[in-house]
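Novice: this one's sequence-less:
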């Protein structure tokens, strides 16, 4: 499937706005389903063209530094391949900083996951085969969503920890938020790093409400904190020229995960020469999306 409207020039408009995805061709879709009372606590569900389901489901968590972007922007494009491959897709919005501070964003994605599980039959979803796909800041929430013993949740959300997550795709993920932002944090060109530095200026204060969060706050937001207790099968993908989230962070995540996951449950996919997810078309190419879908399909839970 060709992805309409995406080429190397599309990035020129990103400093002003994020391109919306084109979804009017998808016959079966449910838009702006509320999973909470806030305006941004909404999600979209897309079903494959054929079949009655229940369909294995990818929960997509968009990036944007926890301060920007949307469930219906460019983050959605790789999910078109998932629909072709027989997966349903649930694209989730969550409340953004600075209107809220972290971990509100994580709690929202947990609430959305719980809603999808409780209403799976209503939307032809297979609640026993949920996968999470997260990009950048969304990768942080995807990772924490896949931990066997994750962050302590509010009482009303504790049931979300019982939702079976069969696999996680973490693309350029902020595995630890201690390295969010900061000039020169990546390997890109000087111009790329300058643009990223300007885009991420003040992001720590926006997300945490302070320029210098307490270390316990940062540890509670880090995937490394929970990884020793186990994680769902994990596919890590990262461009080695990422100017926003350090590539080495994903390498450290991979090395740490090797002590927890068997070889067949862990992949580190390095995209040579690629920048940050959302900063180029590498992450929208079929040859870079299909291996993640194949990984998910290998980890489908099948009833005995």
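Specialist: Looks like it came in fine. Worth saying up front: this structure is predicted, and the values here are computed from it rather than measured.
Novice: flag the shaky bits of this structure, pLDDT-wise.
Specialist: Along the chain, the model assigns pLDDT under 70 to residues 1-17, 178-201, 279, 303-304.
Novice: now the strands for it?
Specialist: Applying DSSP state E to the chain gives strands spanning 29-34, 42-46, 55-61, 88-92, 125-135, 165-171, 234-239, 266-271.
Novice: residues contacting residue 85?
Specialist: Applying C-beta atoms under 8 Å, 6 or more residues apart in numbering to residue 85 gives the contacts 290, 293, 297. C-beta here means a position set from N, CA and C on the backbone, and glycine is covered the same way.
Novice: any idea how far residue 280 is from the most centrally placed residue in the chain?
Specialist: What sits nearest the mean C-alpha location of the chain, by C-alpha atoms, centre = their mean, is residue 134, with 1.0 Å. Computed as C-beta to C-beta, to the nearest Å, the residue 134 to residue 280 distance reads 18 Å.
Novice: stretch 138-152: end-to-end distance?
Specialist: Distance between the two ends of stretch 138-152: 19 Å, counting by C-alpha to C-alpha, to the nearest Å.
Novice: and it, what's buried?
Specialist: For stretch 138-152, a neighbour-count test (16 or more other C-beta atoms under 10 Å) marks 138-147, 150-151 as buried.
Novice: among those, which are located in helices?
Specialist: 138-145 (DSSP state H).
Novice: could I get these as JSON lines with distance to residue 23?
Specialist: What follows is these, written out as JSON lines (distance: C-beta to C-beta, whole Å):
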{"residue": "138", "distance to residue 23": "18"}
{"residue": "139", "distance to residue 23": "23"}
{"residue": "140", "distance to residue 23": "26"}
{"residue": "141", "distance to residue 23": "22"}
{"residue": "142", "distance to residue 23": "21"}
{"residue": "143", "distance to residue 23": "27"}
{"residue": "144", "distance to residue 23": "28"}
{"residue": "145", "distance to residue 23": "24"}
